[in-house]
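Chemist: this one's sequence-less:
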């Protein structure tokens, strides 16, 4: 049976971290809300489920409905061959993925530091100050943490010799940061060669290559999490 | 063997969600960084581990080191009798706990909307606008979501008749919001009676009652996540 992914159509957003895992593994899935009537089905599930998700993305497999990106990947990982089966190793990978989650929220807040319910245009001044600190302090902190993890593992991946779903997320982080903050990222990259090598290796994988070239990959845009506003890229 | 919890001494912070689970279950644990030389041990572990945590809190059990609150609780839950053993139910509980994580981050940002590295005093104006939207839109959204989950489950807890670690987290959310925003919370509470009932039930549990009355419970203060700044409580 095919997995059903529920996420906002039109953006990569948080759903993309799940898509990359499914695509890399060549898993069968439907991106429900991008199909006819899919948005209605998604909204209905957020109301009608006995265990209702707080927000997209969520994944349906048979009767099971799972929300929250890290949780979905925790579930999918061993099933897609993108995570170890050993409990301790899975917990370690989950901690890494949750650090990705934290980072992604901070990326989102570069354009929405005050309120998600307001437009970027209504919080531009605050966004500028936020982005300045984000690029100066947070990007180096997170990226050098992941770089250090790869060094500790022996590389070339976060967990060592075998790729995991969090490596795919790291690929997405680099791609997104390059799109949103090309100038700042060009500098930041130089200090995290291991992270960039993960990005290269992931980008060359058959499933990812085919996916990125397909129209299933929604282009980055200014409705998503990684937005290119040149005024924030200092 | 006793669990070792590593977290900043002096605040409840994110560590409190783990403490509540350990205390409720009467588990043996050491709050390492509050003891002599503990801060040094904590900082050393963030550098020296083969699998280094990004940030506190983290839990050590034998050789296993686990970071990220939701991940720690996912591990501890079944061991402390605070989570079901069935995989699907555990994933559902984890999704709920990750929603708590998201909420806690937004609580933190009420006093630090621009940068964690700056003082509150340097981002007071932005904090005021942030807190206004947070109290108007986010608090009702999150609390009514949890209230709805309890309704769907049949109650009195999030998972139905049996308590889980996320109910303990819900207790902490209510306590924290009452401390930080007493005026706004007095109003918000009226619409989420099921959440308040969970708070009452958790507060009456033997382990929690003894803990809250002990000096192991650090009082809420203005270095933690839930801070009482009257100017933000509108």
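Modeler: Sure thing, it's come through. Just so it is clear, the model here is predicted, and its values are computed rather than measured.
Chemist: helices and strands around the top helix by length along chain A, which ones?
Modeler: Across chain A, the longest stretch assigned as helix under DSSP state H is helix A:87-109. Packing partners of helix A:87-109 (3 or more Cβ pairs under 8 Å, 6 or more residues apart in numbering or on different chains; DSSP states H and E): helix A:69-79, helix A:139-153, helix A:165-180, strand B:64-67, helix B:69-79, helix B:87-111. Placement of C-beta: from N, CA and C, glycine included.
Chemist: hmm, 7 Å instead?
Modeler: For helix A:87-109, the contact count by 3 or more Cβ pairs under 7 Å, 6 or more residues apart in numbering or on different chains; DSSP states H and E identifies helix A:69-79, helix A:165-180, strand B:64-67, helix B:69-79 as packing neighbours.
Chemist: so can I have TSV of the ones you listed showing distance to residue A:133 and mean pLDDT?
Modeler: Compiled in TSV, those are given as follows (distance: least, Cβ to Cβ, whole Å; pLDDT from 0 to 100):
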stretch	distance to residue A:133	mean pLDDT
helix A:69-79	25	98
helix A:165-180	15	98
strand B:64-67	23	97
helix B:69-79	24	98
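Chemist: what about these, which gets the closest to residue A:215?
Modeler: Of all the helices and strands packed on helix A:87-109, helix A:165-180 sits nearest to residue A:215, with 17.0 Å by Cβ to Cβ.
Chemist: dump the residue contacts of residue A:188.
Modeler: Applying Cβ atoms under 7 Å, 6 or more residues apart in numbering or on different chains, we find residue A:188 in contact with A:139-140, A:143.
Chemist: ok, now which ones touch residue A:151?
Modeler: residue A:194.
Chemist: again, but for the one 3 residues further on
Modeler: Residues near residue A:154 by Cβ under 7 Å, 6+ apart: residue A:160.
Chemist: if we go to 10 Å?
Modeler: By Cβ atoms under 10 Å, 6 or more residues apart in numbering or on different chains, the contact list for residue A:154 reads A:160-161, B:50.
Chemist: And the lowest-mean-pLDDT helix or strand in chain A, what's buried?
Modeler: One helix or strand of chain A scores below all others by mean pLDDT, DSSP states H and E: helix A:38-48, with a mean of 94. Within helix A:38-48, the residues that qualify as buried are A:38, A:41-42, A:45-46, counting by 16 or more other Cβ atoms under 10 Å in any protein chain shown.
Chemist: just checking, what packs against it?
Modeler: For helix A:38-48, the elements it packs on are strand A:3-6, strand A:58-61, helix B:139-153, judged by 3 or more Cβ pairs under 10 Å, 6 or more residues apart in numbering or on different chains; DSSP states H and E.
Chemist: got the ones you listed as a markdown table, with mean pLDDT columns?
Modeler: What follows is those, written out as a markdown table (pLDDT from 0 to 100):
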| stretch | mean pLDDT |
| --- | --- |
| strand A:3-6 | 98 |
| strand A:58-61 | 98 |
| helix B:139-153 | 98 |
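Chemist: got TSV for the ones you listed, with distance to residue A:215 too?
Modeler: TSV is the format used below for these (distance: least, Cβ to Cβ, whole Å):
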stretch	distance to residue A:215
strand A:3-6	16
strand A:58-61	22
helix B:139-153	34
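Chemist: I'd like to know which of these lies nearest to residue B:195.
Modeler: Judged by Cβ to Cβ, the one of these that comes nearest to residue B:195 is helix B:139-153, at 5.0 Å.
Chemist: In the closest one, which residues are buried?
Modeler: Residues of helix B:139-153 classed as buried: B:139-140, B:142-143, B:145-150, B:153 (neighbour count, 16+ other Cβ under 10 Å).
Chemist: That one vs helix B:87-111, what angle?
Modeler: 160 degrees (axes from the mean of the first three to the mean of the last three Cα atoms, to 10 degrees).
Chemist: dump the residue contacts of residue A:35.
Modeler: A:9, A:41.
Chemist: right, I mislabeled it, should have said residue A:96
Modeler: By Cβ under 10 Å, 6+ apart, the neighbours of residue A:96 are A:70, A:145-146, A:149, A:158-159, A:164-167, A:169-170, B:51, B:54, B:67-68, B:71.
Chemist: One more pass at 6 Å, please.
Modeler: A:158, A:166 (Cβ atoms under 6 Å, 6 or more residues apart in numbering or on different chains).
Chemist: picking up where we left off before, ok, and which of the buried residues of helix B:139-153 reach chain A?
Modeler: residue B:145 (Cβ under 6 Å from any Cβ of the partner chain).
Chemist: coming back round to it: now do the next helix or strand after the longest helix of chain A: distance to the chain's middle.
Modeler: As assigned by DSSP states H and E, the chain's next helix or strand after helix A:87-109 is helix A:124-133. With Cα atoms, centre = their mean, to the nearest Å as the basis, helix A:124-133 stands 22 Å off its chain's centre.
Chemist: And helix A:124-133, what does it pack against?
Modeler: Here helix A:124-133 touches no other helix or strand, going by 3 or more Cβ pairs under 6 Å, 6 or more residues apart in numbering or on different chains; DSSP states H and E.
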